[in-house]
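Peer 1: Just the structure for this:
(chains A and B, ligands or ions: 1)
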Amino acid sequence: MAKWGMVIDLDKCTACQACVIACQAENNIPNSDPEAARTGRNIHWMEMLPMVEEEYPHLRMRLMPRPCMHCEKPPCIKVCPVNATQISSEGIVGQINARCIGCRYCTTACPYTVKYFNWFKPKWPEVMEHQLNPDVQVRYIGVVEKCTFCHHRLQKGRDLARYEGRELGPDDYMPACVQTCPADAMYFGDLDNPKSSVAILSKSKRAFHLLEDLGTHPKVTYLSEGV
Amino acid sequence: MKMQRRDFIKLLSSSTTFGLAYGYGLFSRLPGISGSEALAKQLEDVSLRPVEEKWLPSICRQCAGGCGVLVRVYGERAVKLDGNPLHPINGGRLCARGQAGLQLLYNPDRIATPLARAGNRGEGKWKPVSWDEALGTVGEKLKALRKQGRPHELAMLTGAQRGLERTVSERFMAAYGSPNLVRYEPDRSLGMNPALNLMQGQAAGFTYDIENAAHILSFNSALLEDHWSPVQLFRAYGNFRRGRKENRGKLVHAEPRLSVTGAKADEWIPIKPGSEGILAMGIASILIVEKRYDENFVTERCFGFDDWTDESGTLRPGFRTLVIQEYPMDRVVKLTGVPRDIIIRTAREFARVQPALAIGNDGPGVRHQGIYNRMAIHALNALVGNIQKPGGVLANARPADLSLPPVSRDRVADQGLSRPRLDGAGAERYAVASDVPASVTDNLLEKKPYPIEILMLNGANPLYESLHFERLVKALKQIPTIVSFSPFHDETTQWADLVLPDTTYLEKWQLDTTYTLKGHPVVNLSRPVLKAPFDGRDTNEVLLAVAASMGKPVANAFPSTRIEDLAKLSLQPLSKGGSGEPFGAPMEELWTRLLEQSGWKVRTEVDFEKLWADLLERGGWWDPVYYRWEWRRALATPSGRFEFYSLGARDYFAKLTGMERDMALQKTPRLVNLQQADAACLPAASRARAGGNETLYALEVNPYFIPILSGITHTNQPWLQDVTGFHVYQNWHTWVEIHPETAHQVGVHNGDWVFVESPGGRVKARVRTYEGAMPHVINLPVGLGHTSGGRWTAGIGENVLKLLQARQEPFTGQEQFKPARARLIKT
Ligand code: SF4
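Peer 2: The predicted structure follows:
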């Protein structure tokens, strides 16, 4: 059984936000507007986080693309009263809209703030509905949504592999953000396969995780800048 | 190039897959979940009925980068854009703008039908008209003007056109008889090129081999934010950092603010706004004094490094004299604000780690780095001999000639074309400029050299870009007829009488030539991938139709009335053989290159129809072979060498007389010791003084282009608007970045709303204290503040250009920002 994980090399990343927009496009994320932005109710499964350290002129600013960490020990699932958020046998933390009662416990429990509540009824001007991805369900008001590692692509990849009578290969499944990354800074694959690039890179000397000490065991690994 | 197998299959098998549609999780197919009409519709759509699904190639046009796209077409709709993996420019990747392309296609604020003005000019009242009626009106007006023998009184302002689009505009104007085809877009895609042209001669453009450089010294280059071809740049950057086993590339970046490029750099050097060229000269002086430059290259391949004697026997100063006499270290330190030890360390490192590149601003956005400062920056590349080397500055290879046979013209056209241009380009002090948008406003107002009767707006929105807003409005009011082809109600379109809405890129035929960052020419070809969601029409086709409706001789401009036929005709030369090929799989490329290296050259004629089909299927053609040692191409100067002292510039000034010469020289920098005539040909870096009273306006303004919006014309795209100022957590309004201590001194707090006032104007902005701002320098984002153009752009933030004033560049006549001073006033 695969264990899906991601590696983001911050030394290659240019903070261009292609991953951010690719995610919006792939996953039918509702449009933001000034009001949603002002109240912090806009939705970004993938977001570019700035972290400023030290002081002028020796300032450092780290810019980190931040998807869901797909923790091996996800704090969010423990607090869900209805089992709407679960971790799959392959390590993907999912959200089942039809079960979600909108209590928002999980949005509070997630230390990475990757869970988003639908405060508004998601709607699109009619002509924009054309672009909705048929593979991804649109959400509705009152439920929580989150990054799925583009799980629907796994389903499709698996179907294709099955149809062609072969095993799922490394190129059959890749989230939208990884696929588009212009600098080739993002890697995706099976952490349990010692030959996969993610397994090798996550053992790099430059590897670190966000808020590691919380014991969440994130499956998104960052590689730090510099030599 | 990472190839994704499934894309490859999709592309090459050219079969369409019949897929079942899935939701994520079984639950998407449960009926009865309400709360969203979109969901309800989706459920209807996503039944188990098979839907035809295709991935079709196209070309991204969200910027001038030239990336290849694959469009996922599901039934009748486009549902996702991704990169074309075969494409040599983007290798399957797209940037944020590219990913947002469907928000342009399916934008609810697009102009849905042709419109005729119903109210007063600028009032925004329209009535829909049919295409027949609209085309009829335009045709009649054009015919009448031509009949009166005044074809030159038609002017067309365009955006950064290339390829077939350019050909169509050019031929239309030529056959009609007007010289007034003006690229309005200021300084776009010019970047470093004009400066490089002075030092290396006219070439098909220059490029930096980022990927193979070991060290990059960036002089406010906005490399990662504002490049002319972002995806290529990002790919190259990834490889520059970690693409080689050892030898990770190092990036040092000088800029007044801590930008994205600064944050990603290994070292950020805060520098006073506009003084980058002077820093370059400071570095040059260390290289010269410590003899750390490449003597071999300088003696073998350069001109004007040492003093030289001209034809009259007069001694002229060379680069060394310029540097030593004009840029003593104390002066450099004072003008740039960069400490001496940092300059020395930076210079030594630049000389030691090779290949090293010095790059100034090469992007479409910020316009403050004048041509002389850019020359100063580029001089460093010659000092370390990094020209035409891997990891160096490369002159683009000559592209295949895709021009159509010349337009046959009648007498009326010839007469019209013999008139001087509206913008003065090509004559006297603009002799070397192809377009001078900066003189358009004045000349329109003063009706110089003659009044304009009909103005066509084809991809240009001068009212947003202009630094003379009010005068331009006045000028527009004087023009009897204005026709806009804009797909959106942009600012300038508000002043039009007739709007013939263009389609967006996925809906039209495209043929476009561009380059890779390694200097290979690329020809992009694509056809419409889906039915247009609005009743717009491709402007190129409209021009073809208008020409046809005017009958001979204007109709002769085009050998066919179909754009597809024109594309076919243009591409004929590619089938005659040569060294290029349709985009191929990486394997094929490798193979071709191997063969090339062993002296074998592809020279076979291929069947055109087969080539055409290949090009359409794969997205285009390119020439993967690049000859580095063609010095005649890379150093096409009068001396055949790299010119520290530009003989091209000298010729240019020598040809001018009297007032013209004085006016041209006035725009060149003043030096302390050297004569003006010499300074005008040397990399005489200077820092323009900021206008405005220093006590009243205590802060310096440093405008920068918002990375995510840079290079795009239509910003009515909510995904992009939501992430404009991510580095300071700001979006959907204009903000001003200020150092916390400076904020304290001027009495403002984080989150306050203030007016930023300069002698030129004022804008409302939200204070954001930012450690990455230099003390006493405020940073403001450019790209917001449209007054029309759609719900996600009109009234969002303010146009920071209002604070700035213009300065005109010598040679190109392009407009640059003058440094400005400002103060903050609490609202
Ligand atoms: S770089 Fe330009 S052409 Fe390429 S994807 Fe981005 S916007 Fe499109």
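Peer 1: hey, let's count contacts and neighbours off CA atoms from now on
Peer 2: OK.
Peer 1: What residues sit buried inside stretch B:276-290?
Peer 2: B:276-288 (16 or more other Cα atoms under 10 Å in any protein chain shown).
Peer 1: and it, average pLDDT?
Peer 2: For stretch B:276-290, mean pLDDT is 97.
Peer 1: And the residue in chain A that chain B sits nearest to, how close does it get to the ligand?
Peer 2: Chain B sits closest to A:Ala18 of chain A, with a gap of 3.7 Å, by Cα to the nearest Cα. Per Cα to the nearest ligand atom, to the nearest Å, A:Ala18 is found 9 Å from the ligand.
Peer 1: Excluding chain neighbours, give the residue nearest to that residue in space.
Peer 2: The shortest distance from A:Ala18 to any non-neighbouring residue, by Cα to Cα, 6 or more residues apart in numbering or on different chains, is to B:Ala96 (3.7 Å).
Peer 1: What are the boundaries of the strands in chain A?
Peer 2: Shown for chain A, the strands assigned by DSSP state E span residues A:4-9, A:47-53, A:60-66, A:85-87, A:93-95, A:116-117, A:144-145, A:186-190, A:207-208, A:220-223.
Peer 1: worst average pLDDT in those strands?
Peer 2: Minimum mean pLDDT among those: strand A:47-53, a mean of 91.
Peer 1: For it, name the packing helices and strands.
Peer 2: strand A:60-66 (3 or more Cα pairs under 8 Å, 6 or more residues apart in numbering or on different chains; DSSP states H and E).
Peer 1: In chain A, which residue is most central in space?
Peer 2: Nearest residue to the geometric centre of chain A (Cα atoms, centre = their mean): A:Pro67, 3.3 Å.
Peer 1: unless I'm mixing things up, that one is touching A:Leu49, no?
Peer 2: No. Counting by Cα atoms under 8 Å, A:Pro67 stays clear of A:Leu49, with 10.2 Å between them.
Peer 1: ok, longest helix in chain A?
Peer 2: Criterion DSSP state H: the longest helix present in chain A is helix A:151-163.
Peer 1: Return the distance of it from the chain's centre.
Peer 2: 19 Å (Cα atoms, centre = their mean, to the nearest Å).
Peer 1: And for stretch B:162-181?
Peer 2: Counting by Cα atoms, centre = their mean, stretch B:162-181 comes out at 20 Å from the chain centroid.
Peer 1: So that stretch, near the ligand or not?
Peer 2: No. Judged by Cα under 6 Å from any ligand atom, stretch B:162-181 makes no contact with the ligand; its nearest approach is 13.2 Å.
Peer 1: What's the local residue count around the residue in chain B that chain A sits nearest to?
Peer 2: The nearest approach of chain B to chain A comes at B:Ala96, 3.7 Å away (Cα to the nearest Cα). When counting by other Cα atoms under 10 Å in any protein chain shown, one arrives at 25 neighbours for B:Ala96.
Peer 1: Model confidence for it, exactly?
Peer 2: pLDDT, read off for B:Ala96, is 97.
Peer 1: Surely it is in contact with A:Cys23?
Peer 2: No. Counting by Cα under 8 Å, B:Ala96 does not reach A:Cys23; the two are 10.0 Å apart.
Peer 1: Write out the residues of the stretch 401-550 of chain B neighbouring chain A.
Peer 2: Within the stretch 401-550 of chain B, the positions near chain A by Cα under 8 Å from any Cα of the partner chain are B:Pro533.
Peer 1: how about 10 Å then?
Peer 2: Counting by Cα under 10 Å from any Cα of the partner chain, the residues of the stretch 401-550 of chain B lying close to chain A are B:Pro533, B:Phe534.
Peer 1: ok, back up a step: between B:Ala96 and A:Cys23, which contacts overlap?
Peer 2: Common contacts of B:Ala96 and A:Cys23, defined by Cα atoms under 10 Å, 6 or more residues apart in numbering or on different chains, comprise A:Gln17, A:Thr180.
Peer 1: Flag the shaky bits of the stretch 251-400 of chain B, pLDDT-wise.
Peer 2: Along the stretch 251-400 of chain B, segments meeting pLDDT under 70 span B:364-366.
Peer 1: in it, which spans are helices?
Peer 2: Using DSSP state H, counting those that start in this stretch, the helices of the stretch 251-400 of chain B run over B:260-264, B:276-289, B:295-301, B:319-326, B:329-336, B:340-352, B:371-383.
Peer 1: before we move on, back to that, doesn't B:Val231 make contact with the residue nearest to A:Ala18?
Peer 2: Yes. With contacts counted by Cα atoms under 10 Å, B:Ala96 reaches B:Val231, the gap being 9.4 Å.
Peer 1: tell me, what's touching these two both at once?
Peer 2: Residues touching both B:Ala96 and B:Val231 by Cα under 10 Å, 6+ apart: A:Cys16, A:Ala18, A:Thr180, A:Cys181, A:Pro182.
Peer 1: was I right about the first one contacting B:Arg97?
Peer 2: Yes. A:Cys16 sits in contact with B:Arg97 when judged by Cα under 10 Å, with a separation of 9.5 Å.
Peer 1: These two - which one has more neighbours?
Peer 2: Of the pair A:Cys16 and B:Arg97, B:Arg97 is the one with more neighbours under other Cα under 10 Å, namely 30 against 25.
Peer 1: So the more buried one: helix, strand or coil?
Peer 2: Using DSSP: H, G, I helix; E, B strand; the rest coil, the structure places B:Arg97 in helix.
Peer 1: residue contacts, the spatially closest residue to it that is not a sequence neighbour?
Peer 2: Leaving aside its chain neighbours, B:Arg97 sits nearest to B:Gln62 (6.1 Å; criterion: Cα to Cα, 6+ apart). B:Gln62 is in contact with B:95-101, B:104, B:504-505, B:709-715, counting by Cα under 10 Å, 6+ apart.
Peer 1: Okay, and which of those map to strands?
Peer 2: Reading strands off these, I find no matches (DSSP E).
Peer 1: Which members of the residues you listed are positioned in helices?
Peer 2: B:Ala96, B:Arg97, B:Gly98, B:Gln99, B:Leu104.
Peer 1: Is it possible to get those out as CSV so that each row also shows distance to B:Leu803?
Peer 2: CSV is the format used below for the ones in helices among the contacts of B:Gln62 (distance: Cα to Cα, whole Å):
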residue, distance to B:Leu803
B:Ala96, 29
B:Arg97, 27
B:Gly98, 30
B:Gln99, 32
B:Leu104, 29
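Peer 1: Please list which of those also come close to the ligand.
Peer 2: B:Arg97, B:Gly98.
Peer 1: which regions of chain B lie under the pLDDT threshold?
Peer 2: In chain B, residues with pLDDT under 70: B:1-49, B:186-189, B:364-366, B:585-604.
Peer 1: hang on, the earlier thing: now list the buried members of the contacts of B:Gln62.
Peer 2: B:95-101, B:104, B:504-505, B:709-711, B:713-715.
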